[in-house]
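Undergrad: my questions concern the predicted model and sequence given below.
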Amino acid sequence: MHVSRLKAFAVSAGLSVLFLVVYSGCNWITGQRGQISSFYFQWERAIPFVPFMILPYMSIDLFFIAAPFLCRTDQQLRIFSRRVVAAILIAGLCFLLFPLRFAFPRPHTSGWLGAIFDWFRGMDSPFNLLPSLHAALLLLLVDLYVRNLRVVLLFAAMLWFFLISLSPVLTYQHHVIDIVGGFVLSGYCFYLFRESSVALPVLVNRRIGSYYAAGAAGAQCSGHLGPCFFGRRSRSVSSRLRTSERVRSFFTRRKESCRGARDSCWGLICSVNICRCCITAADVDLGMRSRRESGSAANWDPVPQTKLWSWG
């Protein structure tokens, strides 16, 4: 079901009013406070100030207003609007709980770009930094435009969206940590409001169903009548299976008998060596006793050393 122009216009106007109220209200409340701290990295001071990037920065408002008109279904419009509302409300809550101020002095710009900067800074105070609502809405818009644009327009839009992603830092509107926080916020909105999986329609096809029924009936009949028509073949197959099982059991028994014989041989070898050691020790002991009794104990020969194992 396509989205009507009237509904898209109502959603676009409602989201724009919500953004202006929350963003401006948080700016005003934070401006009434005393000391507002800053959070940034020291290497950010080396980031150049590019006045031209104010054009991509401000152009996100046009993409934001036109986004509801690109939605093709009511479900897509509903999910997009819920994500935007969640991003605006969560960002506004963070602006009030963790107020931050931009740390660097913004350079003065002359010419027509300077006039745009002066007009823009007259409306926008250097607050509402973390998370960057600019970055959060950018990812939400990128997701919607990727789904609904053609190849040529999609390439041009993605190129311009890339400039928009760089513009908050290059125009000294946000610090890097603010951009990261905005991307995290958009990821949470994507997770919170997911698109439901599309269920494929079920079509009744009786012809295909009859084919499956005939195949199932044939398989059932072959299971019952197979032994009657194919008994001889079945007996030959079963005899082959029995023969192969006998051959397998024969070789298994031979393998087990060979393993038992090997173990028996090792046990016999160990027993023979133990007997040799005992006999040798007994002979040596008898010779020592006989020599002691004959009085020639001082002239014995050294006891021969016996090895239990010999290799080679």
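TA: Good, I have the coordinates.
Undergrad: can you pull the pLDDT of Pro131?
TA: Pro131 carries a pLDDT value of 90.
Undergrad: that one reaches Cys94, doesn't it?
TA: Yes - using CB atoms under 8 Å, Pro131 is in contact with Cys94, at 5.9 Å. Bear in mind the C-beta positions are built from the backbone N, C-alpha and C, glycine included.
Undergrad: between the two, who's got more neighbours?
TA: Legend: neighbour count by other CB atoms under 10 Å for Pro131 and Cys94, higher for Pro131 (26 against 19).
Undergrad: quick check: neighbours shared by Pro131 and Cys94?
TA: Counting by CB atoms under 8 Å, 6 or more residues apart in numbering, the residues touching both Pro131 and Cys94 are Gly181.
Undergrad: can I see the domain layout of the chain?
TA: 5-192, 263-295 (automatic domain parsing).
Undergrad: straight-line length of the first one, end to end?
TA: Its first and final residues considered, domain 5-192 spans 27 Å by CA to CA, to the nearest Å.
Undergrad: before we move on, the earlier item: which of the domains of the chain is buried the deepest?
TA: Greatest average neighbour count among the domains of the chain goes to domain 5-192 (a mean of 16), per mean count of other CB atoms under 10 Å.
Undergrad: which stretch in the domains of the chain has the least confidence?
TA: The weakest mean pLDDT among those belongs to domain 263-295, with a mean of 55.
Undergrad: any chance of the backbone angles for Gly34?
TA: Taking degrees, to the nearest 10, you get phi -80, psi -110 for the backbone angles of Gly34.
Undergrad: that older thread, now the domains of the chain as JSON lines including distance to Gly215?
TA: JSON lines is the format used below for those (distance: least, CB to CB, whole Å):
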{"stretch": "domain 5-192", "distance to Gly215": "40"}
{"stretch": "domain 263-295", "distance to Gly215": "57"}
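Undergrad: Ile208 is nearest to which of those?
TA: Nearest to Ile208 among the domains of the chain is domain 5-192; the distance by CB to CB comes to 30.6 Å.
Undergrad: now what about stretch 176-195, what contacts it?
TA: Contacts of stretch 176-195 (CB under 8 Å, 6+ apart): 39-41, 44, 75-76, 79, 82-84, 86-87, 90-91, 94, 100, 129-140, 143, 165, 168-169.
Undergrad: you'd agree Leu18 is up against Ala87?
TA: No - using CB under 8 Å, Leu18 makes no contact with Ala87, being 10.4 Å away.
Undergrad: spit out the contact partners of the spatially closest residue to Leu141 that is not a sequence neighbour.
TA: Nearest non-adjacent residue to Leu141, counting by CB to CB, 6 or more residues apart in numbering: Phe63, 5.2 Å away. Residues near Phe63 by CB under 8 Å, 6+ apart: Leu141, Tyr145, Ala157, Phe161.
Undergrad: which of these fall in helices?
TA: Counting by DSSP state H, the contacts of Phe63 place Leu141, Tyr145, Ala157, Phe161 in helices.
Undergrad: pick out the most distant pair among these.
TA: Once CB to CB is applied, those give Leu141 and Ala157 as the farthest pair, at 9.1 Å.
Undergrad: what are the ranges of the helices in the chain?
TA: Along the chain, the segments classed as helices by DSSP H run 5-31, 54-70, 74-97, 111-123, 133-148, 151-170, 176-192, 206-229, 231-294.
Undergrad: what's the end-to-end length of stretch 145-159?
TA: Stretch 145-159 end-to-end distance (CA to CA) = 12 Å.
Undergrad: in JSON lines: the contacts of Phe63, plus distance to Pro107.
TA: Output for the contacts of Phe63, formatted as JSON lines (distance: CB to CB, whole Å):
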{"residue": "Leu141", "distance to Pro107": "29"}
{"residue": "Tyr145", "distance to Pro107": "32"}
{"residue": "Ala157", "distance to Pro107": "30"}
{"residue": "Phe161", "distance to Pro107": "26"}
